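Engineer: build me a model from this:
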Amino acid sequence: MSALIARTPFSVLDRSRIREGRPPAEALRDTVALAREAEALGYHRFWVSEHHGVPGVAGSAPTVLAAAVAAATRTIRVGTGGVMLPNHQPLVVAEQFGVLESLFPGRIDMGLGRSVGFTGGVRKALGRDKDDAEDFATQVAELLGWFAGTSPTGVRARPAEGLRVPPYLLAMGEGARIAADAGLPMVIGDLRDRERMLRGIDVYRSAFRASPWAPEPYVVISGSVAVAATSREARRLLVPEAWAAAHARTHGTFPPLAPADDIERRTMTAKERELYDAALAGHIAGTEEEVADELESVLKETGADEVLVTTSSYDRTALLDSYRRLAAVSRCEPGAGR
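Structural biologist: Residues are numbered from 1 along each chain as shown. From the prediction side, this is the model:
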C-alpha cells in the first residue's frame with residue numbers, strides 16, 4: 001500500500017441526500033448513522049452541508065445537524081462543508097460555532113462557503129442576492145473577529161469569544177485567493193476538473209500568508225470516490241447522483257436519488273444523455289487497487305494534505321461498503337479521529 005496514501009487523512013462530507021420515495025427525515029438519520037460508521041472506520045472528520053429549497057437534499061441547517069452528529073459520536077472531528085456565509089450574519093455564525101465548540105470541545109471545524117441560494121426564489125426567501133457573495137472576504141474577517149474579540153461594535157460574541165474553532169474556506173476561483181490572503185486552510189473540488197483544481201491550488205500556495213489559524217498552506221481536495229468489488233459496481237454507485245445532476249441542468253430542480261436500475265432503463269433525451277455522461281466522467285471509481293493507484297496519482301499531482309470524500313448513492317448498503325473499502329485503501333485506523 002502506498003505510503004503517501006497511508007499518511008494522508010481521509011474525511012467524509014455527507015449532503016443528506018434524499019432517496020426517491022423516502023422522507024427527508026430518513027436522510028438526516030442516515031447522515032448521523034454514516035457519521036458513526038465513519039468514526040468506527042477511522043476517518044479524520046465528518047462534515048455536513050447547507051442547501052436551501054432543494055428537493056433532493058435534506059441538509060438545510062448544517063450547525064444543527066453538526067450538533068446531532070457530534071452528540072452521536074465520540075472522537076471524530078465534526079463540522080460543516082460548509083456554512084454559506086453570505087446567507088447569514090457573521091455574529092450568528094460565530095455564536096452557533098461557539099455553542100458547538102463549548103459542547104464538544106476540540107472536535108468542531110468551521111467550514112465556510114461563499115455560495116448564495118441556488119434560485120432567485122430561494123435568495124429572496126433568504127433576503128440575499130448574488131452580490132452578497134462579493135463581500136465574502138469582509139464577512140470572513142468579521143466572523144473571525146468575533147472569536148478574537150476585535151469587533152468595533154462593543155458587542156461580545158458569547159460563547160464564541162476566546163474559543164478556537166478551526167476555519168476552512170471552500171474555494172474555487174476567487175475563493176482560493178481569499179483563503180490565501182486570510183491565511184486559512186482551503187478545501188477545493190472537484191476531482192473531475194483537475195486543471196482548474198491545480199490552478200486554484202497554485203494561486204493559494206503562491207499567495208498564502210501565514211496567520212494564527214495556519215502557519216503554512218493546508219489543502220483539502222474534495223470529490224466523489226467509489227470503491228466496489230468490480231469497476232462496474234463502483235461506477236453504478238455514481239449513477240444516481242449523475243442523473244440528478246443531469247436532471248437539474250435540464251429541468252431546473254435537483255431531485256431525490258433514484259435507483260441505478262431505473263435510471264439505466266430510462267429513455268433520455270440527447271441533451272440529458274450528454275449531461276448524464278459528463279456527470280459520470282472523471283470521478284475516482286473502481287476496485288481497491290484501481291482506486292489506490294488513482295488516489296496516489298492525484299495526491300502526487302496536487303500535493304494535497306487531506307482528501308474529503310463526498311460520494312452519494314441511492315443504495316445505502318453499497319455506499320457504506322464503498323466507505324469501508326476506501327478505509328482499507330487509506331489505512332484509516334479506528335478511533336483515529338483528531
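
Engineer: any idea which helix or strand carries L28?
Structural biologist: Counting by DSSP states H and E, the element that carries L28 is helix 24-41.

Engineer: quick check: next helix or strand after that helix?
Structural biologist: strand 45-48.

Engineer: for the next helix or strand after that next one, give me every contacting residue.
Structural biologist: Where DSSP H and E defines the elements, the next helix or strand beyond strand 45-48 is helix 62-72. Applying C-beta atoms under 8 Å, 6 or more residues apart in numbering, the contact partners of helix 62-72 are 16, 28, 31-32, 35-36, 46-50, 59, 78-80, 82-83, 93, 96-97, 99-100, 103-104, 107-108. Placement of C-beta: from N, CA and C, glycine included.

Engineer: grab the nearest non-local neighbour of Q139.
Structural biologist: Computed as C-beta to C-beta, 6 or more residues apart in numbering, the closest residue to Q139 that is not its neighbour in sequence is L85, at 4.9 Å.

Engineer: try S60
Structural biologist: Nearest to S60 is H52, by C-beta to C-beta, 6+ apart, at 5.5 Å.

Engineer: next, the distance between the ends of stretch 164-183.
Structural biologist: By C-alpha to C-alpha, to the nearest Å, the extent of stretch 164-183 from end to end equals 15 Å.

Engineer: now V83: how far from E174?
Structural biologist: Distance, V83 to E174, using C-beta to C-beta, to the nearest Å: 18 Å.

Engineer: and what of A281?
Structural biologist: 26 Å.

Engineer: the two - which one has more neighbours?
Structural biologist: E174 (15 against 10; other C-beta atoms under 10 Å).

Engineer: tell me the pLDDT of that one.
Structural biologist: pLDDT for E174: 80.

Engineer: go on, A133?
Structural biologist: The model's pLDDT for A133 equals 57.

Engineer: and the lowest-mean-pLDDT helix or strand in the chain, C-alpha only, in CSV?
Structural biologist: Ranking every helix and strand in the chain by mean pLDDT, DSSP states H and E puts helix 120-126 at the bottom, with a mean of 76. Below are the C-alpha coordinates for helix 120-126, written out as CSV (Å, rounded to 0.1, in the frame of the first residue of the first chain):
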residue,chain,number,x,y,z
GLY,A,120,-34.0,33.6,-7.3
GLY,A,121,-36.9,32.4,-5.1
VAL,A,122,-34.5,30.9,-2.5
ARG,A,123,-32.4,34.0,-2.5
LYS,A,124,-35.4,36.2,-2.0
ALA,A,125,-36.6,34.0,0.9
LEU,A,126,-33.2,34.3,2.5
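
Engineer: number of nearby residues for T250?
Structural biologist: T250: 15 neighbours (other C-beta under 10 Å).

Engineer: likewise A160?
Structural biologist: Neighbour number of A160 under other C-beta under 10 Å is 24.

Engineer: correct me if wrong: it contacts G98.
Structural biologist: Yes - counting by C-beta atoms under 8 Å, A160 does reach G98; the two are 3.0 Å apart.

Engineer: give me the common contacts of the two.
Structural biologist: F147.

Engineer: so where's the stretch 51-200 of the chain uncertain?
Structural biologist: Residues of the stretch 51-200 of the chain meeting the criterion pLDDT under 70: 117-119, 129-134.

Engineer: quick one: low-confidence ranges for the stretch 201-338 of the chain?
Structural biologist: Residue ranges of the stretch 201-338 of the chain with pLDDT under 70: 332-338.

Engineer: and with 80 instead?
Structural biologist: Under the criterion pLDDT under 80, the flagged ranges of the stretch 201-338 of the chain are 331-338.

Engineer: so where do the strands sit in it?
Structural biologist: Along the stretch 201-338 of the chain, counting by DSSP state E, counting those that start in this stretch, strands occupy 219-223, 225-227, 284-286, 306-309.

Engineer: pull the residues that contact the second one.
Structural biologist: It refers to strand 225-227. 191, 234-235, 237-238, 283-288, 291, 295, 307, 309, 311, 313, 322, 325-326, 329.

Engineer: same deal with the third one?
Structural biologist: When contacts are taken as C-beta under 8 Å, 6+ apart, the neighbours of strand 284-286 outside the stretch itself are 191, 223-228, 231, 234-235, 237-238, 291, 294-295, 298.

Engineer: closest one of those to E264?
Structural biologist: The closest of the contacts of strand 284-286 to E264 turns out to be R235 (C-beta to C-beta; 10.8 Å).

Engineer: now the closest one. Nearest residue, chain neighbours left out?
Structural biologist: A285 (5.4 Å).

Engineer: what's across from the one you found in the sheet?
Structural biologist: Going by DSSP bridges, A285 is paired in beta bridges with A226.

Engineer: again, but for M110
Structural biologist: Here M110, judged by DSSP bridges, has bridge partners P167.

Engineer: perfect, I'm done here.
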